[in-house]
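Student: Show me the folded form of this:
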Amino acid sequence: MPLSPLLANYDLVLLDLDGCVWVGEQCTPRAPEALAELRATGKRVAFLTNDARSSPEEYVRKLWSLGMKASLEEVVTVGGAIQHVLAQRAPGAAAFVIGSPAIFRHVVDAGARVVNGTERASRAELVVVAAHDELRFSELRTATRAVLSGAEMLAAGRDRTFPTEDGVSPATGAILAALEYATEAVARSVGKPAPQLFDTALDRLGPGRALVVGDRLDSDLAGAAAAGLDGAIVLTGMTDREQAEAAREPAPVAIAENLHDLLVAR
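Tutor: As a prediction, the model looks like this:
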């Protein structure tokens, strides 16, 4: 089937994962077919996510398991953005990490020294914040003490929630809100809507006009605008049609029920 006329204006398509390509462990309707059509017509594709729980390799495996081809170079995660930011610092900074094993690996690979579980934890120079499924109150307590002692906070994003098959779950923004409230400090966020992920994807894909497709106004659409890109909204995640149609500055260039309806001509 041919692509939607919308795609005639774009060479690159940057796809959000949660709520756009999949919800939980299930693809959104006919997403593999939509992606196959993009590739068949020569469009270059990247996958972006603020979800810091998994590594890029794990996201590639999940995409393949759901019937969608993807390379490691095409997956741009907020963990990779955190690693890039930390790599600009002098090596050896003491970091207290709230996050999944994937985030710990990114922090170590950037040259920082993880001090979780040591006497130095509450006096770390840096606190890295990312949602994970095993969050404990003791992590919030240690992070709070470190920030009150002068640590910088670096966050994986400000998304309040993300969609799952059995309902909405709290995301990194919910954890970050608790720490910012407790410390009266403001974290630096490198996830969407900051332009870092979009810029990284464009660097990897090469020149051309890009369309961002996502399910959130506050991160996907606002992030696209921050990066100087057009954004489209699908309604399989956190935004309903009334909210999408009311969006202004930025407004989406298109709204569709799902990724397939947006990308493939009917």
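Student: Share the number of residues neighbouring the residue lying closest to Leu211 once chain neighbours are set aside, please.
Tutor: Nearest residue to Leu211, sequence neighbours excluded (Cβ to Cβ, 6 or more residues apart in numbering): Tyr10, at 4.2 Å. All C-beta spots, glycine's among them, are computed from the backbone N, C-alpha and C. Using other Cβ atoms under 10 Å, Tyr10 has 21 other residues around it.
Student: Show the backbone phi and psi for Thr49.
Tutor: phi -150, psi 140 (degrees, to the nearest 10).
Student: Over to Asp133. Which of the three states is it?
Tutor: coil (DSSP: H, G, I helix; E, B strand; the rest coil).
Student: residues in contact with the closest residue to it other than its chain neighbours?
Tutor: Once flanking residues are discounted, Asp133 sits nearest to Arg53: 6.7 Å by Cβ to Cβ, 6+ apart. Shown in contact with Arg53 (Cβ atoms under 8 Å, 6 or more residues apart in numbering): Ser100, Ala102, Ala130, Ala131, His132, Asp133.
Student: Show the pLDDT at Arg53.
Tutor: Reading off the confidence values, Arg53 has pLDDT 91.
Student: Assign the closest residue to Ala124 other than its chain neighbours to helix, strand or coil.
Tutor: Spatial nearest neighbour of Ala124, chain neighbours left out: Phe96 (4.0 Å); criterion: Cβ to Cβ, 6+ apart. Put simply, Phe96 is strand when judged by three-state DSSP.
Student: Show the pLDDT at Phe96.
Tutor: For Phe96, the model assigns a pLDDT of 98.
Student: Surely it is in contact with Arg141?
Tutor: No. Phe96 lies out of contact with Arg141 (Cβ atoms under 8 Å); the separation is 10.9 Å.
Student: Secondary structure class of the residue nearest to Asp133, three-state.
Tutor: Judged by three-state DSSP, the three-state class of Arg53 is coil.
Student: Look up how far Thr161 lies from it.
Tutor: With the distance defined as Cβ to Cβ, to the nearest Å, Arg53 ends up 14 Å from Thr161.
Student: Give me the spatial nearest neighbour of Ala70, chain neighbours excluded.
Tutor: Leu63 (4.1 Å).
Student: could you measure that neighbour against Val45, distance?
Tutor: Taking Cβ to Cβ, one finds Leu63 at 11 Å from Val45.
Student: For these two, indicate the residue with more neighbours.
Tutor: More neighbours surround Leu63 than the other of Leu63 and Val45, with 23 against 18 (other Cβ under 10 Å).
Student: so what's the more buried one up against?
Tutor: By Cβ under 8 Å, 6+ apart, the neighbours of Leu63 are Val21, Phe47, Lys69, Ala70, Val75.
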